[in-house]
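Colleague: My questions are about this predicted structure, shown below with the sequence.
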Number of protein chains: 2
Amino acid sequence: MTSSTTYDAESLRNSLTQRAKELEKTLDKQFPRMKGGEANLIEAMRYAVLGGGKRLRGYLVTEVASLFNVPLAQSIYVGASVEMLHAYSLIHDDLPAMDDDDLRRGKPSTHIKYGEAIAILAGDALQTKAFELLTMEEIHESATIRIQLVKSLAEASGSTGMVGGQVIDMEGENRHLTLPEVLNLHAMKTGRLICYSAEAGAILGKATPDLKNHIISYGRDLGTAFQIADDVLDATASAEELGKTAGKDDAAGKSTFVSLLGIEDARKEADRLVAKAIRHLEPFGAAADNLRALAEYVVYRKN
Amino acid sequence: MTSSTTYDAESLRNSLTQRAKELEKTLDKQFPRMKGGEANLIEAMRYAVLGGGKRLRGYLVTEVASLFNVPLAQSIYVGASVEMLHAYSLIHDDLPAMDDDDLRRGKPSTHIKYGEAIAILAGDALQTKAFELLTMEEIHESATIRIQLVKSLAEASGSTGMVGGQVIDMEGENRHLTLPEVLNLHAMKTGRLICYSAEAGAILGKATPDLKNHIISYGRDLGTAFQIADDVLDATASAEELGKTAGKDDAAGKSTFVSLLGIEDARKEADRLVAKAIRHLEPFGAAADNLRALAEYVVYRKN
């Protein structure tokens, strides 16, 4: 990965920060604090979903939606929904029976803070809430649009998407995977949800099939570039920089883009995918510059 | 609970058996066996959701739908969806960090058979699939109906429903709960999903608000009666009869209808609720006789 960027990183940074605040506000409103026996569950859900993360997925939804002139007042709920889905996957990923990770976003993982039982249930309830949010009329008056979002989110996150990828990832530990196998695993495990995030913006915007395909292709290349950058970071950055445990892949005996290609070639492949992702945005002109800068950002980030 | 029934138990038994077969067939088709890294996940999902259970929830959906002349070809998917949701909750309930139960429906629990990591993920993916199924056009041409089902299922099963109830249940262990607290806990933990099952049939049938309220009231009383009967069974039946561990509530120091009311008064309360549930079905005439027999069945069953 080269360190120079073509698109305005400063403008993207401002846009990301502003959008993260909006997402945070929307997420916060979905979990009013309460008394009663389930207060602890709500606190754990808040802990996992609020106050952290780059909000890459929520940003993608809302930024793509804006290309189609969908107001943020509508798309923000879809962005918040995918952030809930993502937060649920992180809680369950970190559990002792899974990756057994005590640290997330620089803080104790949810199960360390609230115990395993509450962590499992908070993840479960966050998944439910992600789907519930998509039923809101505020998102779109057309129920057809909303049901499409539910369907796409389910396909991206279930056994044929994210969760299926997590299983392939687990079962691939201590076994050599080929490059196509690693590509497929990550396309499922992280790629599908990133791609859904972009696609969701296009669904909201009632994009033509052609433009929707451009967005999906952008999302797909962005997702793979993101994962390669993740592998490079895992191999090169410290836990302090990452806000989570570093060197995990190597310790777990996982085949990664880095173990298969080496760091230099992995970086080059990420560069190639960024350029390809950016080319898919051609039909959208300057309105898509933040999304172009985002493609550069996902590979040049430090955490 | 008296042992005589007013409605035709034989007719209900045949109807339940036939419907369970239809549900099984529909569920089976949703999980085609596969090769590849996620094969184990699909097997675990199949293990948890196929070949067992009374299919009470799926039966409720389809039987209520039939009151409104909704073909089984449509309602069966909604029935299969709630059975997936229920199966996910059982997998996660049985985990070591939760109830730590090795036995379910007379077989090893999913985490005993497939390991904890796969069990957590199989539960996660079953929840996702439950929502995905509700997006199918085969269910209803109207996306508005389908989105209503998604919304109702989410409300019944998330932090304000089933999962919230599980947390209240856990936090109530080794602490004395009052009768209203136990009623609320069970209304959330099991009642909401049973009530949703009845409501879903009414949603599919585009019931008038008045008839829908009758169905919801039936579902609510049925759910409470079901739980009281469960407490009585837990206190009086053997593990062999139950197909799961018996005497769990007492061992966990839980406040139950039995610990609060005693076995005799708990039985009487169940009887009262059955009669009340049946009265809510008055507007539906003889077409609802199986649902009336079902209300009797849930309290007279042996497992």
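Modeller: All right, it came through fine.

Colleague: which residues of the stretch 201-303 of chain A score low on pLDDT?
Modeller: For the stretch 201-303 of chain A, residues meeting the criterion pLDDT under 70 lie at A:238-246, A:303.

Colleague: Now name the helix or strand holding the one residue sitting closest to the centre of chain A.
Modeller: Nearest to the geometric centre of chain A sits A:Arg57, at 4.4 Å (Cα atoms, centre = their mean). In this assignment (DSSP states H and E), A:Arg57 forms part of helix A:56-67.

Colleague: What of A:Leu193?
Modeller: A:Leu193 belongs to helix A:192-204, assigned by DSSP H and E.

Colleague: Check which element follows that helix along the chain.
Modeller: That would be, after helix A:192-204 and using DSSP H and E, helix A:209-236.

Colleague: about what we covered before: starting at the chain centroid, how far to the helix holding A:Arg57?
Modeller: Between the centre of helix A:56-67 and the centre of its chain there are 12 Å (Cα atoms, centre = their mean, to the nearest Å).

Colleague: quick one: it to helix A:192-204, angle?
Modeller: For helix A:56-67 against helix A:192-204, the angle by axes from the mean of the first three to the mean of the last three Cα atoms, to 10 degrees is 20 degrees.

Colleague: immediately after helix A:56-67, which helix or strand?
Modeller: The helix or strand immediately downstream of helix A:56-67 is helix A:72-94, counting by DSSP H and E.

Colleague: Extract the C-alpha set from that following helix and format it as CSV.
Modeller: In CSV, the C-alpha atoms belonging to helix A:72-94 read as follows (Å, rounded to 0.1, in the frame of the first residue of the first chain):
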residue,chain,number,x,y,z
LEU,A,72,-30.1,11.0,6.1
ALA,A,73,-33.2,11.0,8.2
GLN,A,74,-34.2,7.8,6.4
SER,A,75,-30.9,6.1,5.8
ILE,A,76,-29.5,6.7,9.3
TYR,A,77,-31.8,3.9,10.6
VAL,A,78,-30.5,1.4,8.1
GLY,A,79,-27.0,2.5,9.0
ALA,A,80,-27.8,2.0,12.7
SER,A,81,-29.2,-1.4,11.9
VAL,A,82,-26.1,-2.7,10.3
GLU,A,83,-24.0,-1.3,13.1
MET,A,84,-26.2,-3.4,15.5
LEU,A,85,-25.7,-6.5,13.4
HIS,A,86,-21.9,-5.9,13.4
ALA,A,87,-21.8,-5.3,17.1
TYR,A,88,-23.7,-8.6,17.8
SER,A,89,-21.1,-10.4,15.7
LEU,A,90,-18.2,-8.9,17.6
ILE,A,91,-19.7,-9.9,21.0
HIS,A,92,-20.2,-13.5,19.9
ASP,A,93,-16.8,-13.6,18.2
ASP,A,94,-15.0,-12.5,21.4
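
Colleague: Which SSE is immediately downstream of that helix?
Modeller: Heading C-terminal from helix A:72-94 (DSSP H and E), you reach strand A:103-104.

Colleague: what's in contact with the helix or strand following that next one?
Modeller: Once strand A:103-104 ends, the next helix or strand along the chain (criterion: DSSP H and E) is strand A:107-108. Contact with strand A:107-108 is made by A:52, A:102, A:113, as judged by Cβ atoms under 8 Å, 6 or more residues apart in numbering or on different chains. C-beta coordinates here come from the backbone N, C-alpha and C atoms, glycine included.

Colleague: what is the mean pLDDT for the helix holding A:Arg57?
Modeller: Helix A:56-67 shows a mean pLDDT of 98.

Colleague: Report back the residue of chain A that's furthest from centre.
Modeller: A:Gly36 (32.5 Å).

Colleague: Which pLDDT value belongs to that residue?
Modeller: Looking at A:Gly36, the pLDDT reads 77.

Colleague: That one - that's part of a helix, no?
Modeller: No: under the criterion used here (DSSP: H, G, I helix; E, B strand; the rest coil), A:Gly36 is coil, not part of a helix.

Colleague: Tell me which residues touch it, please.
Modeller: Here A:Gly36 is in contact with B:Ile168 (Cβ under 8 Å, 6+ apart).

Colleague: likewise the one 5 residues further on?
Modeller: Residues in contact with A:Leu41, defined by Cβ under 8 Å, 6+ apart, are A:118, A:121-122, A:125, B:159, B:163-164, B:167.

Colleague: if you look at those, which of them are in helices?
Modeller: A:118, A:121-122, A:125, B:163-164, B:167 (DSSP state H).

Colleague: Now flag whichever of the residues you listed is closest to B:Asp210.
Modeller: Among the ones in helices among the contacts of A:Leu41, B:Gly164 lies closest to B:Asp210 (Cβ to Cβ), at 28.8 Å.

Colleague: just to revisit the earlier point, so the residue nearest to the centre of chain A is in contact with A:His86, correct?
Modeller: Yes: contact criterion Cβ atoms under 8 Å: A:Arg57 and A:His86 qualify, at 5.6 Å.

Colleague: Can you pull the residues that touch both of those two?
Modeller: Joint contacts of A:Arg57 and A:His86 (Cβ under 8 Å, 6+ apart) are A:Leu193.

Colleague: mind checking how far A:Leu41 is from B:Asp99?
Modeller: 16 Å (Cβ to Cβ, to the nearest Å).
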